[in-house]
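[1] Generate coordinates for the sequence data below:
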Amino acid sequence: MEYSIQELSRLSGVTTRTLRWYDQIGLLKPSRVAESGYRYYGGAEVDRLQDILYYRALGVELARIKKCLDDPSFDRLAALRNHLAALEAERKRLEQLIRSVKDTIGAEERNEIMSDEQKFEAFKQRAVAHNEEVYGAEIRAKYGDKEVDEANSQVMSLTREQYQEWTNLGREIQEQLEAAVRSGLSPESEEGRELCALHRRWLTITGNRYDPAKHRGIAELYVMDQRFTGYYDKQVPGCARFLRDAVVHWVK
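    Now for the predicted structure:
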């Protein structure tokens, strides 16, 4: 079956303006363009648009989607299974978060005081859900669902003392980064080496086995993804790059 651009827009919920933009950037080309200039789409294009929408729902950027779909080795069935696994994991996280919020509301309505353990569990659930929402798509694309799910599970299994140490380490790393950048220090300095060691401890406190290559890969994300850069550079620009350069120099 063939669809005009207006028909495909109604079918998919994607505006005609967006479909034209997808054509312009080579993400979704029509099967043919009539002499009148009207675009028409066939079954293959409908499937590709469906794949695009699945990736977009997971927060993947358009350039990365195009690269995946244009890869000759792209396996649509495997991709759909990965989408399903990611969506099911997201549903599980949302269900946990909903239960936590409901428990909190119930406690407030009954004028009950939640135990510290209940509050701590709710806090961990919110932290994991936030990280998934903001960074999940990129991290899953780079490291796979299994590793990310295991990392989330390890965060959820942290004791209150371990979690406090983890957050304190994150704060210490940020403070030392800002001090180093303000002072004009080099990532190859002793301060850079200490920051690298702190970052390694922060990565492995949840029980993860240390992997130097993964450490360097995570550090690269800090300068490749603006959201990571924005987190580290929120007070002092240059912190994300300093940390990346320190890891590159000191982690072998």
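
[2] Show the residue spans covered by the strands in the stretch 1-150 of the chain.
    Taking DSSP state E, counting those that start in this stretch as the test, the strands found in the stretch 1-150 of the chain are 3-4, 32-33, 39-41.

[3] Please identify the deepest-packed of those strands.
    Highest mean neighbour count among these (mean count of other Cβ atoms under 10 Å): strand 39-41, with a mean of 21. Any C-beta I mention is one placed from the backbone N, CA and C, and that applies to glycine too.

[4] quick revisit: which of the strands of the stretch 1-150 of the chain sits closest to residue 166?
    Proximity to residue 166 (Cβ to Cβ) singles out strand 39-41 among the strands of the stretch 1-150 of the chain, at 49.1 Å.

[5] Need the contact partners of that closest one.
    2-5, 8, 19-20, 23, 30-34, 49 (Cβ atoms under 8 Å, 6 or more residues apart in numbering).

[6] Can you tell me the number of residues neighbouring residue 165?
    Burial measure for residue 165: 15 neighbouring residues, criterion other Cβ atoms under 10 Å.

[7] so it sits right up against residue 204, yeah?
    No: counting by Cβ atoms under 8 Å, residue 165 stays clear of residue 204, with 11.8 Å between them.

[8] that older thread, most widely separated two among the contacts of strand 39-41?
    34 and 49 (19.3 Å).

[9] Adding distance to residue 157, write the strands of the stretch 1-150 of the chain out as a markdown table.
    Listed next are the strands of the stretch 1-150 of the chain as a markdown table, based on distance: least, Cβ to Cβ, whole Å:
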| stretch | distance to residue 157 |
| --- | --- |
| strand 3-4 | 49 |
| strand 32-33 | 55 |
| strand 39-41 | 48 |
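
[10] how about these, which one is nearest residue 151?
    The nearest among the strands of the stretch 1-150 of the chain, by Cβ to Cβ, is strand 39-41 at 39.7 Å.

[11] And that closest one, how far out from the chain middle?
    33 Å (Cα atoms, centre = their mean, to the nearest Å).

[12] Could you list the paired strands of it along with their orientation?
    strand 3-4 (antiparallel), strand 32-33 (antiparallel) (DSSP bridges).

[13] Relative to residue 109, which of those is closest?
    Using Cβ to Cβ as the measure, strand 3-4 is the one of those that comes nearest residue 109, at 50.8 Å.

[14] what comes into contact with that closest one?
    Contacts of strand 3-4 (Cβ under 8 Å, 6+ apart): 11, 38, 39, 40, 41, 42, 46.

[15] The second one against residue 7, yeah?
    No: with contact defined as Cβ under 8 Å, residue 38 does not reach residue 7; the gap is 10.7 Å.

[16] picking that back up, go through the contacts of strand 3-4 and name the one nearest residue 152.
    residue 46 (34.1 Å).

[17] Tell me which residues touch residue 62, please.
    Counting by Cβ under 8 Å, 6+ apart, residue 62 makes contact with 25, 27, 56.
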